[in-house]
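# kindly return the folded structure for what I paste below:
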Amino acid sequence: MKNQKIVRAVVLGGGAVAQRRHLPEYAANPNAEIAGVIDTNQNRAQELVELYGGRVYASLDEALADPAVDAVSICTPNVTHASATIKSLKAGKHVLCEKPMAQTLEETRAMLQAEKECGKILMLGHNQRLIRAHTKAHELLHGGAIGDLLFFQCNFKHAGPETWSADPGAATWFFRRDQAHFGVMGDLGAHKIDLIRYLTGSEIKNVFASTSTLDKRYEDGSLIDLEDNVVCLFDVENGLSGIMHFSWTNYGQEDNSSVIYGTKGVMKIFGDYADDIVLEMRDGIQVKYTVGGIQTNQNQTKSGVIDEFVNSIVEGRAPIVTGIDGHNTLAVIETAMKSAQERRWMEIEY
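Alright, predicted model coming up:
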């Protein structure tokens, strides 16, 4: 479109998610331009700007002081999300923050307040709801394809973040409590919890969770002090119930499957990697939908997150994943972690 606004974005953090999604997707978007990169590893930052354009900023403060910068992608460890988001919003920049939104609900509330006061867009990087199979599943479910929903069973399991991180191995920040705060719950659980909220159109009401550390270890051989497996039972406000398993110790094929049971049949999403969605109907009919391959750590496809963020800025509208979505998802995570500690059902306090 002629005279279309160009969104100039700075990427904070030059790790795996920036390298594999944010930077290449900004570069491919005709309405975006990479203003620069900020990373504690200056050599890595320089390599990335040589590849994608822009400049190396010495700090977030330097980037925020640049009036040519419109937006910030926050791709740094979890403990920095709240402070970097609030600082960027207050500097008049739009923000795309990776998940989980923050460490605590106190932090997410402060982020939402900054968004409200500054009038800028805050989007969360929950990419699962933007996968084409999931948008199609949402359409089918809300169109009554399997009738009234009864139960869900979801998995998100792979071999662990040390195989994905830009600094691979046992020293990855994902294993450090002072950097990640959460283990697999904040990494994979955040995605799937947001997805089921999106697919069902309802918030989670109660949770009973069990966490464990089974196999992930530090360089000295000791088990990490964060969870590498979580099992959650959920009650949803619309009467639906379900179970989820999140794991960093799946050493086979990555599993990002969802099965949703209804009064007319069953929907399987990525349950069979040959088909994206399979409906097994009560009358024996099977319907298959192939609408786009699954994203895995080994098979990266366009996430849609950057396009949605840029379009929301250009069009002056709320993004499909809002700060409230990030807050509500974190509320479930935080309550689930407390439930695991206290070994009891707990009600989500949003």
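
# ok, then the element right after the helix or strand harbouring residue 85?
Here residue 85 sits within helix 81-90, counting by DSSP states H and E. Later in the chain than helix 81-90, the nearest helix or strand by DSSP H and E is strand 94-97.

# from residue 205, how far out is residue 236?
To residue 205, residue 236 is 6 Å away according to CB to CB, to the nearest Å. Using the backbone N, CA and C atoms, a C-beta is placed for each residue, glycine as well.

# likewise residue 315?
Relative to residue 205, residue 315 is positioned 34 Å away (criterion: CB to CB).

# of those two, which one has the most company?
Set residue 315 next to residue 205 and count neighbours by other CB atoms under 10 Å: residue 205 wins out with 16 against 10.

# helices of the stretch 51-200 of the chain, start to end?
Secondary structure of the stretch 51-200 of the chain (DSSP state H, counting those that start in this stretch): helices located at 60-64, 81-90, 105-118, 132-142, 177-180, 184, 190-200.

# please state the offset of the second one from the chain centre?
I take that to be helix 81-90. Centroid displacement of helix 81-90 relative to its chain, using CA atoms, centre = their mean, to the nearest Å, is 18 Å.

# list the buried residues for it?
In terms of neighbour count (16 or more other CB atoms under 10 Å), helix 81-90 has its buried residues at 81-89.

# remind me what it packs against, helices and strands.
In terms of contacts (3 or more CB pairs under 8 Å, 6 or more residues apart in numbering; DSSP states H and E), helix 81-90 is packed against helix 60-64, strand 71-74, strand 94-97, helix 105-118.

# contacts for that helix?
Contact with helix 81-90 is made by 12, 60-61, 64, 72, 74, 76, 95, 97-98, 100-103, 107-108, 110-111, 114-115, 117-118, 120, 122, as judged by CB atoms under 8 Å, 6 or more residues apart in numbering.

# same question, the fourth one
Contact with helix 132-142 is made by 128-129, 146, 149, 195, 198-201, 258, 260, 267, 269-270, 276-277, 279, 289, 291-292, 294, as judged by CB under 8 Å, 6+ apart.

# got the end-to-end distance for stretch 289-304?
Using CA to CA, to the nearest Å, one end of stretch 289-304 lies 20 Å from the other.

# equivalent analysis for stretch 91-107, please.
OK, stretch 91-107 end separation, CA to CA: 18 Å.

# repeat that for stretch 244-255.
Terminal residues of stretch 244-255 lie 12 Å apart, using CA to CA.

# against residue 33, how distant is the spatially closest residue to residue 107 that is not a sequence neighbour?
Closest residue in space to residue 107, ignoring its immediate chain neighbours: residue 82 at 3.7 Å, by CB to CB, 6 or more residues apart in numbering. The gap separating residue 82 from residue 33 is 27 Å, by CB to CB.
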